[in-house]
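**Student:** Okay, predicted coordinates and the sequence, questions at the end:
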Amino acid sequence: MSVVQFSAVSKSYPILGSPGRRLASLLAPTLIPTTRFTALQDLDFEVRRGETFCIIGRNGAGKSTLLQLVAGITQPTSGSVSVTGRVSALLELGSGFHPDFTGRQNVFLTASILGFGTRETNLLYPHVSNFAAIGDFIDRPIRTYSSGMLLRLAFALAIHVEPEILIVDEALSVGDQAFRQRCLRKVQELRTRGVSILFVSHAIADVKSLGDRALWL
């Protein structure tokens, strides 16, 4: 059974240049000629339930755009994207976090957005905090975190909100080696539990060890 289905999906973005042209395009979109950049074109693939689907390709090939489409952050220009199941995404570091909220507050905020009640989040929180292992920083504003601490919290939260589909971008590359290995072991554990994983990496060894199939953009 497919949990992600792309059918003839294309995604392009307008290149408008100056702020004046951008404003004019909003006021009179049919009168302002625009050049468009195509990030993805006529893409067809599916991700089956319980498989680890790896996405590889050079920088600028459209990998992050593809993940944003799965996560619902952006919509295709043409074609259709079908996603079935709760999605947990580890994309750009810090995306979805409020910089002035503490780590703890961001855990509770994100959990509530995903439909968790207060009681459920209270049970969830110790697991997130223990895996992140950032100590007293959990009660400090996110804007004071290093990239490594931000990764720890983001990954810990992503894997503990009971995802049916886990999206992991190249964010793991900023972590220290010990934490990276913990993350990869956790990904393996989620695989055995039947979670579908979309995994982007430039590390071919990780793709070979984790992936069931790969898409080369």
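**Tutor:** Arrived safely, thanks for sending.
**Student:** quick one: residue 36 is in a strand?
**Tutor:** Yes. Assessed with DSSP: H, G, I helix; E, B strand; the rest coil, residue 36 lies in a strand.
**Student:** For the remainder of this discussion, apply numbering that starts at 66.
**Tutor:** Got it, the first residue is 66 from now on, which makes the last one we talked about residue 101.
**Student:** and it, what does it touch?
**Tutor:** Neighbour list for residue 101: 77, 78, 79, 80 [criterion: CB atoms under 8 Å, 6 or more residues apart in numbering]. For glycine as for every other residue, the C-beta is placed from the backbone atoms N, C-alpha and C.
**Student:** and if you look at residue 232?
**Tutor:** Neighbours of residue 232 in contact, by CB under 8 Å, 6+ apart: 132, 135, 136, 152, 153, 154, 155, 156, 262, 263.
**Student:** Quick one: buried ones out of those residues?
**Tutor:** Buried members of the contacts of residue 232, scored by 16 or more other CB atoms under 10 Å, are 132, 135, 136, 152, 153, 154, 155, 156, 262, 263.
**Student:** from these, which ones fall inside strands?
**Tutor:** Judged by DSSP state E, these include 152, 153, 154, 155, 262, 263 as members of strands.
**Student:** just the residues you listed: which has the poorest pLDDT?
**Tutor:** Of all these, residue 155 has the smallest pLDDT value, namely 77.
**Student:** Tell me what that residue is bridged to.
**Tutor:** The bridge-partner assignment for residue 155, based on DSSP bridges, gives residue 233.
**Student:** who's in contact with it?
**Tutor:** With CB under 8 Å, 6+ apart, residue 155 has these contacts: 219, 220, 223, 231, 232, 233, 234, 236.
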